[in-house]
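> Fold the following for me, if possible:
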Amino acid sequence: MLERLVYISTAAPDLTVPEVRRIVARSQMRNRQLDVTGMLLLVRSEFLQVLEGQRDMLDEVVGYISRSPRHQDIRLIERQPITTRRFDGWHMGLLVTDALADQVEALKARRTSVDAVIEAMRANADLM
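Sure thing, here's the model as predicted:
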């Protein structure tokens, strides 16, 4: 069954944007093998990640993330079945911007939906 998983975490204090880019490059290769798609958003010192794939493959990726010292305070926002991927073909997109800080804060406070944040991520990624 195809699922979407969304989480927010705090980036390790010493993590740099070039390091994040290297991590994403490695993740793209692994995610391609696992048929996992999605996008990682870095806003200030927080990650918001959307992952899409089969349940067991998402479990594998999330297990890796949860053991990573680069993520702190991981908070699951959503995990649900989906019929179509929003990031089809994107084995891991990366968006580094503070422009979506308000949307991330609204999502954490449950004042906006995951879908609204995904649309904002896609719109900003398409501009890059």
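
> where does residue 50 land in three-state SS?
With DSSP: H, G, I helix; E, B strand; the rest coil as the basis, residue 50 sits in strand.

> From residue 64, how far out is it?
The spacing between residue 50 and residue 64, counted by C-beta to C-beta, to the nearest Å, is 16 Å. C-beta: built from backbone N, CA, C; applies to glycine.

> Neighbour count for those two, which is higher?
Regarding residue 50 and residue 64, a neighbour count based on other C-beta atoms under 10 Å identifies residue 50 as having more, with 26 against 12.

> which non-adjacent residue is nearest that one?
Sequence neighbours aside, residue 38 is the residue nearest to residue 50 in space, at 4.6 Å (criterion: C-beta to C-beta, 6 or more residues apart in numbering).

> roughly how far is the one helix or strand that neighbour maps to from the heart of the chain?
With secondary structure defined by DSSP states H and E, residue 38 is part of strand 37-43. Between the centre of strand 37-43 and the centre of its chain there are 4 Å (C-alpha atoms, centre = their mean, to the nearest Å).

> what stretches of this structure score poorly on pLDDT?
Applying pLDDT under 70 to the chain picks out residues 126-128.

> got the residue ranges for the strands in it?
In the chain, strands defined by DSSP state E lie at 2-11, 37-43, 46-54, 71-81, 93-96, listed in chain order.

> quick one: contacts for residue 90?
When contacts are counted by C-beta atoms under 8 Å, 6 or more residues apart in numbering, residue 90 is found next to 37, 38, 39.

> May I ask which of these has the most neighbours?
When the contacts of residue 90 are compared by neighbour count (other C-beta under 10 Å), residue 38 ends up highest, at 25 neighbours.
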